[in-house]
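Chemist: The sequence and its predicted three-dimensional model are supplied below.
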Amino acid sequence: VSTQSTGDWDLDKGAEFSNTGVGSRNSVTALSLIAILEVLLENELISGKGTVESGEKFKKLFRLMFSVQEVLTEKQGGGRGKKSKTTVGHFSLRAVDTLLDYLIVNDMTEHEEFVGNLRTVTNLLTWTLGLLTDHLKKFGTEGKEEEEEDKDLVYTLGSITKSLLSHLSRDKSLYRELAASLLDKSVRVVNSSLMDKLEEYCETATSSSDITTLRDKVVPLFHKAVIAEDFTEAQHLLSAMDILYRMSEKQEDLEEILLRLLDNPSLTSGFAKDVVSILLSSLRRSTDKLDVQLALARDILAVMGDIETEDEDSMNDEIKYNLVTENSAGKLLSVLLSSIESVLSDTDWGIQQGNYGDDQSDLICQYLMQVATVLSVALTCKTPHSSPTTDLISRTTRKFYNTFTLLIKRESSHNHGILKSLEKLAKLVGTTTNEKLYSFLIYLEQPLADDIGSAQNAATIRKQAVSVPSLVYAVEQCERNLIILSKKTKTDLMEHFKRSPARDFKVNLKVLEEKLTKVDEDVEESQQPKKKRKRGKNKAADE
């Protein structure tokens, strides 16, 4: 087989791969040949004993297989630029591990000519890493392969991790981003399915059963990638570090690394988003989390602008965290709001448990005061009306008022007196959060004041027709229950709440429907292909 070419199988570039009988036959032949070649490749790799002859056979078999894959991909519409499809299942994970060892780790002291032959094969490393990606994806969706023992799987993943660490430790090595991604996936497979074999995995990967040894090998690679501004590689390594620090229960060390990164203005928006997201999920002390959240919110406000301030030059506040830039501010605001939603979900769960005393109630009130403080800043950020972030602000604010309402109902049914912390929370919401919310609602009304002139504006209005009323309803339910609690405890909790005309609205459905229908018709007309004018007899006049 190794002496043949694609032409010998009628699978050269002139071959037909259409839906005809001949085309279907060629497709089946190509896929079958790729499967056979993968089996032969693994046989030469595992049983060839590293001889020069087996190295030459491997090269020829791989070139034939890669040529068939390229022809098949191109003929089926993938184009030459698209990666050839790999066939997971015929080339085992064990064989991938052996091949990676030869291509990356092996110092060529043994089987020198064989290893040297493999390293000269074009596209072999790319193909191997692609196979590893597919194998790890399979573990992520289907779990462990039933036929493979845990011990063998742990050894193979540990050996692969060792190869990837070796590859990333070298300067100017190829496919670093892909290798970092595969390292992250390998760690995640162990974390999700093989935690009972963690020591064996670490022993194979680093010659030490301690997880900290593996973690300490990844951290320098991460710093190296950040310094070199290879942020995609750093992003994958950070994801792996997050898992490793959780495994070793030393998240406070990761917090220090991430806090230092907050001062780096050169981070890409995607990497900055991951840094902040992992940092906020790692911070254990609520005061530390509040400090970071509040500082980030104020920095984002300074960069994006204030909806209550018309003069753009009026925001001269000093930025605390330099990673907040015009490019990253929107994504960081989304991360911040998601973090707040997570806190509110935990608080909801705590309130619904019901079995707690005044100390726990005070703690919940403190959490909600922290959320209200950060949310009040986020509400005034000038986000685009059609942005998903604007919808996220509405949703998070509604969730806050729903949680506050839940707390009020609980206090109404359990306490005869009123907690001082609840009074402070009510005052903060009435004087600050409500006022910022009313400014936000007025800001949302601005596109409604103009005529609807585009499909984008129409889509924005459709969204707000659902989100704004539900947000206002949440506020009204909160105030209604505060009034009930005030009467029961004879304490005026509504003292600092003022009603705003921003909450009063009425949608003229007839007018709205007419305008939206007109926009839809305009869009349909613009998408219809223009009819070509028939050329007349007088070609000169037509031209």
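Modeler: Great, that's in hand.

Chemist: His385: neighbouring residues, count only.
Modeler: When counting by other C-beta atoms under 10 Å, one arrives at 18 neighbours for His385. Heads up, the C-betas are built off the backbone N, CA and C, glycines and all.

Chemist: thinking Phe440 is in contact with Ala378, fair?
Modeler: No. Phe440 is beyond contact range of Ala378, at 9.2 Å (criterion: C-beta atoms under 8 Å).

Chemist: any shared contact partners between the two?
Modeler: Ile393 (C-beta atoms under 8 Å, 6 or more residues apart in numbering).

Chemist: what's next to whatever helix or strand Met241 lives in, contact-wise?
Modeler: Using DSSP states H and E, Met241 sits within helix 231-248. Under the contact criterion C-beta under 8 Å, 6+ apart, helix 231-248 has outside partners 168, 176-177, 180-181, 183-184, 187-188, 191, 198, 211-212, 214-215, 218-219, 221-222, 225-226, 251, 253-254, 257, 267-268, 270-271, 274-275, 278, 282.

Chemist: let's see 7 Å
Modeler: For helix 231-248, the external contacting residues (C-beta atoms under 7 Å, 6 or more residues apart in numbering) are 176-177, 180-181, 183-184, 187-188, 191, 211-212, 214-215, 218-219, 221-222, 225-226, 251, 253-254, 267-268, 270-271, 274, 278.

Chemist: Show the buried residues in these.
Modeler: 176, 180-181, 183-184, 187-188, 191, 211-212, 214-215, 218-219, 221-222, 225-226, 254, 267-268, 271, 274, 278 (16 or more other C-beta atoms under 10 Å).

Chemist: Centre-most residue in this structure?
Modeler: Asp274 (7.8 Å; C-alpha atoms, centre = their mean).

Chemist: With Thr122 as the reference, measure out to that one.
Modeler: Distance from Asp274 to Thr122, counting by C-beta to C-beta, to the nearest Å: 34 Å.

Chemist: My read is that Ser166 contacts Leu103, right?
Modeler: No. Between Ser166 and Leu103 there is no contact under C-beta atoms under 7 Å: 10.4 Å.

Chemist: joint contacts of these two?
Modeler: Listed contacts common to Ser166 and Leu103 are nil; contacts here mean C-beta under 7 Å, 6+ apart.

Chemist: Secondary structure element holding the residue nearest to the centre of the chain?
Modeler: Per DSSP H and E: helix 269-282 holds Asp274.

Chemist: what's the pLDDT at Gln527?
Modeler: Note for Gln527: predicted pLDDT of 56.

Chemist: So which of the buried ones among the contacts of helix 231-248 are in helices?
Modeler: 176, 180-181, 183-184, 187-188, 191, 211-212, 214-215, 218-219, 221-222, 225-226, 254, 271, 274, 278 (DSSP state H).

Chemist: on that earlier part again, tell me the buried residues in the helix holding Asp274?
Modeler: 269, 271-282.

Chemist: next one: stretch 46-55
Modeler: Applying 16+ other C-beta under 10 Å to stretch 46-55 flags Gly48, Gly50, Ser54, Gly55 as buried.

Chemist: residues making contact with that stretch?
Modeler: With C-beta under 7 Å, 6+ apart, stretch 46-55 has contacts from Glu44, Ala95, Thr98, His111, Glu113, Phe114, Asn117, Leu118.

Chemist: Show the end-to-end separation of it, please.
Modeler: In stretch 46-55, first residue to last residue: 11 Å (C-alpha to C-alpha, to the nearest Å).

Chemist: Now do the buried residues in the helix or strand encompassing Leu428.
Modeler: Element membership of Leu428 [criterion: DSSP H and E] is helix 420-428. Burial within helix 420-428, assessed by neighbour count using 16+ other C-beta under 10 Å, is assigned to Ser421, Leu422, Glu423, Leu425, Ala426, Leu428.

Chemist: State the helix or strand in which the nearest residue to the fourth one once chain neighbours are set aside lies.
Modeler: Here the nearest residue to Leu425 in space, its sequence neighbours aside, is Cys365; by C-beta to C-beta, 6 or more residues apart in numbering that works out to 4.9 Å. Element membership of Cys365 [criterion: DSSP H and E] is helix 358-378.

Chemist: Next, the angle helix 420-428 makes with that helix.
Modeler: 20 degrees (axes from the mean of the first three to the mean of the last three C-alpha atoms, to 10 degrees).

Chemist: Which neighbouring elements make contact with the helix or strand that helix 358-378 is followed by?
Modeler: Downstream of helix 358-378, the next assigned helix or strand under DSSP H and E is helix 388-414. In terms of contacts (3 or more C-beta pairs under 7 Å, 6 or more residues apart in numbering; DSSP states H and E), helix 388-414 is packed against helix 329-353, helix 358-378, helix 455-489.

Chemist: how about a cut-off of 8 Å?
Modeler: Judged by 3 or more C-beta pairs under 8 Å, 6 or more residues apart in numbering; DSSP states H and E, helix 388-414 is in contact with helix 329-353, helix 358-378, helix 420-428, helix 434-449, helix 455-489.

Chemist: The first one packs against which elements?
Modeler: I take that to be helix 329-353. helix 269-282, helix 286-304, helix 358-378, helix 388-414.

Chemist: again, but for the third one
Modeler: The elements that helix 420-428 packs onto, with contact taken as 3+ C-beta pairs under 8 Å, 6+ apart, are helix 358-378, helix 388-414.

Chemist: got the angle for that helix vs helix 434-449?
Modeler: 30 degrees.

Chemist: got a pLDDT number for Thr212?
Modeler: pLDDT, Thr212: 92.

Chemist: nearest spatial neighbour of it, skipping sequence neighbours?
Modeler: Spatial nearest neighbour of Thr212, chain neighbours left out: Ser248 (5.4 Å); criterion: C-beta to C-beta, 6+ apart.

Chemist: give me phi/psi at Phe91?
Modeler: Backbone torsions for Phe91, taken as degrees, to the nearest 10, come to phi -110, psi 110.

Chemist: Point me to the helix or strand that includes the nearest residue to it once chain neighbours are set aside.
Modeler: In space, and not counting its chain neighbours, Phe91 is closest to Glu38: 4.4 Å by C-beta to C-beta, 6+ apart. Using DSSP H and E, Glu38 maps to helix 21-47.

Chemist: Check the model's average confidence along that helix for me.
Modeler: 86.

Chemist: Now do it: distance to the chain's middle.
Modeler: Chain-centre distance of helix 21-47: 36 Å, with C-alpha atoms, centre = their mean, to the nearest Å.

Chemist: what comes up buried for that helix?
Modeler: In helix 21-47, counting by 16+ other C-beta under 10 Å, buried: 26-27, 29-30, 33-34, 37-38, 40-42, 44-45.

Chemist: Of all pairs in those residues, which one is the farthest apart?
Modeler: Across the buried residues of helix 21-47, no pair lies farther apart than Asn26 and Leu45, at 28.2 Å, counting by C-beta to C-beta.

Chemist: follow-up on the earlier one: now the buried residues of helix 21-47 in a markdown table, with distance to Lys498?
Modeler: Shown next, in a markdown table, are these (distance: C-beta to C-beta, whole Å):
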| residue | distance to Lys498 |
| --- | --- |
| Asn26 | 76 |
| Ser27 | 72 |
| Thr29 | 78 |
| Ala30 | 73 |
| Leu33 | 77 |
| Ile34 | 72 |
| Leu37 | 76 |
| Glu38 | 72 |
| Leu40 | 79 |
| Leu41 | 75 |
| Glu42 | 75 |
| Glu44 | 80 |
| Leu45 | 76 |
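
Chemist: Could you verify that Asp492 is part of a helix?
Modeler: No. Counting by DSSP: H, G, I helix; E, B strand; the rest coil, Asp492 is not found in a helix; it is coil.

Chemist: pLDDT weak spots in this protein?
Modeler: Across the chain, the ranges flagged by pLDDT under 70 are 76-89, 105-110, 139-151, 284-286, 310-317, 354-356, 415-418, 447-466, 499-543.
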